[in-house]
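> coordinates for the following, if possible.
(chains A and B)
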Amino acid sequence: MIVNTGKSSPTKARINRLGLESKVYRGGKTTLCAGCGHNSISERIIEACYAMGVNPERVIKLSGIGCSSKSPAYFLGSSHGFNTVHGRMPSVGTGAMLANRDLIAIGVSGDGDTGAIGIGQFVHLMRRNLPIIYIIEDNGCYGLTKGQFSPTADQGSATKTGVINDLPPIDTCALAIELGATFVARSFSGDKKQLSAILKAAFSHRGTVMLDVLSPCVTFNDHEGSTKSYAYAKEHDDALEDISFVPFFEDIEVEYEPGTTQEVEMHDGSKLFLKKLAEAYNPLDKLQAMRVLSETRLRGEYATGLIYLNPDRDDFLTMLNLVDEPLASLGASTTRPPKPVLDKIMASLK
Amino acid sequence: MAVSDLPAQESLVEGPSKRLVNDFSIKVATVNGSGSQTANLVLLRSIFQMGIPVSGKNLFPSNIAGLPTWFTIRVNEDGYIAAKKRIDFLVVMNPETAHEDVLALQPGAAVLYDEPLQLASLRDDLFFYPVPFDKLVANICRDAKLRRLVRNMIYDGVLARLLDIDMSEMEAALSRQLGRKPKAVTLNKGALDAGFQYAADELQKRDPFVVRRSTKTEGLILIEGNTAAAIGSMMAGVTVVAWYPITPSSSLCESLIGLLKEHRIDPDTGKATFAVVQAEDEIAALGMTLGASWAGARAMTSTSGPGVSLMGEFAGLGYYAEVPAVIFDVQRVGPSTGLPTRTAQGDILTTAFLSHGDTRHMMLFPSSVKECYSMAMDAFNLAERFQTPVFVMSDLDLGMNTWMSPEFEYPNEPLDRGKVVDTETLEKIGKFGRYRDIDGDGIPYRTIPGDEMPAFFCRGSGHNEWGQYSERPEDYQKNVDRLARKFETARTWMPEPVVEINRQAEIGIIAYGTSHWAVVESRDQLLEENDLHTSYYRLCGYPFRTALAAFVQRYSRIYVVEQNRDAQMLTLIRLDLPVDFGPRLNSVLHYTGDPIDARSVTEAILLGEGYRVQKDGAVSSRGSRSGQAGVGGE
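The predicted structure follows:
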């Protein structure tokens, strides 16, 4: 059995498979509102990175602008971070991953940052299947500018001042599936178990992980009449499956009755166990995923869990056929062609 | 068969010169999409191969097929390669513009035209050469579909005969142009011969324009600025390229893709030591460039004015968060969509201050294809040394037209990756703070994700010298003051200006980029025709070197020559110099979309110097200087 270092002796501080304590994964003190769903998500990211033994020196944290985009400062304080411009984090993340394919990118965006100003870059990020964990901290409103609707606000949802949203929402999960993302999930900041399992699985996937997390804004969008409040989300959370995650480095047997649970192997050998709930749901089935998203939306519910997984599509860096060594660390002897090359070019121009 | 022994014909031209050797211009008027580019380049190259200096400029529409396009070739023994106002030899293949093109000629010009157009009756002060193109092409090409493509090669053959261009050079140029398509070579060779033979049999040489073999192009190459910049970028060791197609910059990245695929694939694994991404727009292109540079790559993008406008926000991020980036701006005519296929130097002020807040950007101003090559390498070094976006301000004329150049030299200097922290530096500087000014030059030290050095949080929001979020007034001011100090440091790192001081000169000329070539020729015109001595300062980069102030101080009248309406470089210079220097600066502005020519510069300077210049360019004696606001006494 592989040693599960998470269960080491109680006298010593708990350390993970890299020998790191969980505090290494903490960040600066949050400046978001008390009770903000985003803080719970930061906590889950910290836990997932610790549990998966993610090397913080290889992580890059990326964000756009907004409350959500502040949060990378509040986890993984020893990792590099880049708080970019509004709605344009995908391009910066793409460039960084081109430069160094060994990095692990965690992008944190919001529903405005993604669905409004950033929808263009979001669309193309999904198309490329860049290796990145792209998290939308989704509260249906602009928090930092005091509560205006965002494009994920549901039709009929009300602002604090009673204004009703007349426009249909953008379903970022449906969009991501349609566009080519290979790991699409939705969760709720209040569902610790589900969100943790999905985040851990996200680190085992090579390709774009698009994770939409309902994350209520306690200040501007947590009232009666809002469809992004804690109460509403809890009431209308329609989990597709009961998720367990077993990382590749842990030797854990999971027993289940045949026919009740779907076992999914991730790129790094980790395993997801998806226990079926009401409907027999298969996240490898794209059409079923789109149908379920559409049906739950019509019922005013949120389908949560692993919605879609495509383990077969190449990620963007693979498509580009890059050398194994990060481009950023290639020396001039590799990147500057020798003199005969220039001589040959010059001769061809005479 | 050489035709150089043709007897000089009775000339219609007034005056003594019966033969004008190696000094004339050709303009070919065609319809775009008709395959005339091959014929034009063969013509250009064949003259170049005969050792005679040439320059070729393509005036084309923003369109794929069916609109008028012109290609001008200047042949000049003395090596002047700026645009020439006067057209000496017109080739008319486009019925739509035929009349207008012919009527615009000065007396004494020659016109080779498609016979059915019946142009000869339009004027009686030109030399007309009718050629029945359809009849000739029908004889050599049985496939009607292909006729359209080889038809143009016939005028090359006619010109070879009329201008005395060596047919073997034409054939060599043709093989070079279409070398990989033997069938096309055979077909075009037939057209070339048919044209030559027709001229020999049916046309009598009457105009004075001829070429004579020379030795002035030995060792030179022919290349477009965009290709030169692409070679420079490859030699700079670029690893990440993100771009969005836009005229006139597309061919830069397209050339680069070709070069990288040929020379930067690891021979052992067949894998790429580079990544090229066609982004969703220019915003994303610069975002990817910044992300890649932040993560340690040498990254670049290439665009034109509309793209620069879109890049504004990211450019500000690059400046304030101090992330390297190389951006080629191949300028075209604005504002807005403007004239996408015409040239200008109109993005100078926009780029210098691109983005909101107090922002300044470093710019390089290549004048030649050789500088497109060398400044591409400079740009990467400067971007990493100063950790900031660097803009290479090329233009359509330089980027897309074909220029003669000395061969490019292989770079001897190592790549300058700037102040990147390693273990040794970390010991030296003590505690790492991303924006600390350790060396007093305003340039901080940086670490790179994945390099196992201390991490920092890169942000476009307010930060202190430790890279922490800060809204404190003193932190903000200290930081932007350091950025200003960094920009001051950059002055001494910019490429040196090219300065020519003439001790007899009373006036100075300042120019940059492609305006240089018109200035070179104009200075000779001013001296030879008007005995007017000038000194010259060619700007190569921004921030300006301190030598600029010394040059301006030296002359009470300075002419800043540039290709925009609003005297953008003059404005930038004025901002940089003491206020009382301002009145010394006068503008020579050219903003038609066509490349600037020497005669226009000469006339503008003569006007400024108090000469009377008539509409036809005739200059009368120098009167009292007037009309120059604020010029001091001598």
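
> rest of the way, CA atoms for contacts and neighbours
Fine.

> who are the neighbours in contact with A:Ser196?
Contact analysis of A:Ser196 by CA atoms under 8 Å, 6 or more residues apart in numbering or on different chains lists A:44-45, A:47-48.

> for B:Ser62, that is, sorry about that
For B:Ser62, the contacting residues are B:339-341, by CA under 8 Å, 6+ apart.

> start and end of stretch A:56-70, how far apart?
18 Å (CA to CA, to the nearest Å).

> got the contact list for that stretch?
Contact partners of stretch A:56-70, identified using CA under 8 Å, 6+ apart, comprise A:25, A:32, A:38, A:72, A:76, A:78-89, A:92-93, A:102-110, A:113, A:136-137, A:142-144, B:449-452, B:455.

> B:Lys145: which of the contacts of A:Ser196 is nearest?
Ranked by distance to B:Lys145 (CA to CA), these are led by A:Ile45 at 65.0 Å.

> so what's the gap between stretch A:19-38 and the chain middle?
Between the centre of stretch A:19-38 and the centre of its chain there are 17 Å (CA atoms, centre = their mean, to the nearest Å).

> buried residues in that stretch?
A:20-22, A:24-27, A:30, A:32, A:36-38 (16 or more other CA atoms under 10 Å in any protein chain shown).

> would you check which pair of these lies furthest apart?
Based on CA to CA, the longest span within those runs between A:Leu20 and A:Cys36 and measures 27.9 Å.

> measure the residue in the stretch 51-200 of chain B that chain A sits nearest to to B:Tyr559 for me?
Relative to chain A, the nearest point of the stretch 51-200 of chain B is B:Arg176 (9.3 Å; CA to the nearest CA). Going from B:Arg176 to B:Tyr559 by CA to CA gives 43 Å.

> looking at these two, which is more packed in?
Using other CA atoms under 10 Å in any protein chain shown, the more surrounded residue of B:Arg176 and B:Tyr559 is B:Tyr559, with 23 against 15.

> the more buried one and B:Ile605 touch, don't they?
Yes: using CA atoms under 8 Å, B:Tyr559 makes contact with B:Ile605 at a distance of 7.3 Å.

> how about the helices of the stretch 201-350 of chain A, start to end?
A:230-236, A:286-298, A:316-319, A:332-335, A:339-348 (DSSP state H, counting those that start in this stretch).

> could you list the low-confidence segments of the stretch 251-350 of chain A?
Regions of the stretch 251-350 of chain A meeting the criterion pLDDT under 70 are absent.

> what does it have sitting close to chain B?
With the criterion set to CA under 8 Å from any CA of the partner chain, the stretch 251-350 of chain A comes near chain B through A:320-323, A:327-330, A:332, A:334-337, A:339, A:341-342, A:346, A:349-350.

> any stretches of chain B with poor pLDDT?
Flagging of chain B using pLDDT under 70 yields the residue ranges B:1-17, B:616-617, B:621, B:623-634.

> doesn't B:Ser535 lie inside a strand?
Yes: counting by DSSP: H, G, I helix; E, B strand; the rest coil, B:Ser535 is located in a strand.

> what about it, how many residues nearby?
21.

> hey, what's it bridged with?
When assigned by DSSP bridges, B:Ser535 has beta-bridge partners B:Gly508.

> just to check, it is in contact with B:Ile507?
Yes: taking contacts as CA under 8 Å, B:Ser535 lies within contact range of B:Ile507: 6.5 Å.

> contact partners for the nearest residue to B:Ser587 once chain neighbours are set aside?
Leaving out its chain neighbours, the residue that sits closest to B:Ser587 by CA to CA, 6 or more residues apart in numbering or on different chains is B:Val560, at 4.9 Å. Taking CA under 8 Å, 6+ apart, we find B:Val560 in contact with B:509-511, B:569-570, B:585-588.

> just the closest residue of the stretch 301-450 of chain B to chain A, please.
For the stretch 301-450 of chain B, CA to the nearest CA, closest residue to chain A: B:Gly450, 5.1 Å.

> what about the strands in the stretch 401-550 of chain B?
Assigned by DSSP state E, counting those that start in this stretch, the stretch 401-550 of chain B shows strands spanning B:402-406, B:457-459, B:498-500, B:507-512, B:534-539, B:541-542.

> typo on my end, it should be the stretch 201-350 of chain A
Along the stretch 201-350 of chain A, counting by DSSP E, counting those that start in this stretch, strands occupy A:208-214, A:237-239, A:241-246, A:261-265, A:271-276, A:302-309.

> quick test: name the residue nearest the centre of chain B.
B:Leu398 (1.5 Å; CA atoms, centre = their mean).

> now do it against B:Val369, distance only.
According to CA to CA, B:Leu398 and B:Val369 sit 7 Å apart.

> and B:Ile64, how many neighbours?
Residues within reach of B:Ile64, counting by other CA under 10 Å, total 11.

> residues in contact with it?
By CA under 8 Å, 6+ apart, the contact set of B:Ile64 is B:32-33.

> measure it to B:Thr341 for me?
12 Å.

> same deal with A:Lys70?
43 Å.

> the more surrounded of the two?
When A:Lys70 and B:Thr341 are compared for neighbours, B:Thr341 comes out ahead with 22 against 19, by other CA under 10 Å.

> thought B:Ile246 was touching the more buried one, still the case?
No: counting by CA under 8 Å, no contact exists between B:Thr341 and B:Ile246, whose distance comes to 10.2 Å.

> remind me, longest helix of chain A?
For chain A, the longest helix by residue count, based on DSSP state H, is helix A:37-52.

> what does that helix contact?
Residues contacting helix A:37-52 (CA under 8 Å, 6+ apart): A:6, A:16-17, A:20-22, A:25-26, A:30, A:32, A:68, A:71-72, A:74-76, A:137, A:189-190, A:192, A:195-196, A:199-200, A:203, A:214-218, A:247.

> could you do stretch B:168-184 as well?
Applying CA under 8 Å, 6+ apart, the set of residues contacting stretch B:168-184 is B:38, B:41-43, B:45-47, B:49-50, B:160, B:185, B:188-189.

> let's see it at 6 Å
The contact list for stretch B:168-184, computed with CA atoms under 6 Å, 6 or more residues apart in numbering or on different chains, reads B:42, B:45-46.

> any chance of the residues you listed in CSV, with neighbour count and secondary structure too?
Shown next, in CSV, are these (neighbours: other CA atoms under 10 Å in any protein chain shown; DSSP: H, G, I helix; E, B strand; the rest coil):
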residue, neighbour count, secondary structure
B:Val42, 24, helix
B:Arg45, 26, helix
B:Ser46, 25, helix
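
> and B:Trp403, how many residues sit next to it?
Here the number of neighbours of B:Trp403 (other CA under 10 Å) works out to 23.

> my guess is it contacts B:Ile221, does it?
No: with contact defined as CA atoms under 6 Å, B:Trp403 does not reach B:Ile221; the gap is 8.1 Å.

> low pLDDT regions in chain A?
Looking at chain A by pLDDT under 70, you get A:1-11.

> contact partners for B:Pro406?
B:Leu220.

> recalculate using a threshold of 8 Å.
With contacts defined as CA under 8 Å, 6+ apart, B:Pro406 is in contact with B:219-221, B:370.

> which ones among these map onto strands?
Judged by DSSP state E, strands contain the following of these: B:220-221.

> host element of A:Thr114?
helix A:111-115 (DSSP states H and E).

> and the next helix or strand after that helix with chain B, contact?
Per DSSP H and E, the first helix or strand lying C-terminal to helix A:111-115 is helix A:119-128. Yes: using CA under 8 Å from any CA, helix A:119-128 reaches chain B at A:120-121, A:124.

> dump the residues you listed to JSON lines, plus neighbour count.
Below are the residues of helix A:119-128 next to chain B laid out as JSON lines (neighbours: other CA atoms under 10 Å in any protein chain shown):
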{"residue": "A:Gly120", "neighbour count": "17"}
{"residue": "A:Gln121", "neighbour count": "22"}
{"residue": "A:His124", "neighbour count": "20"}
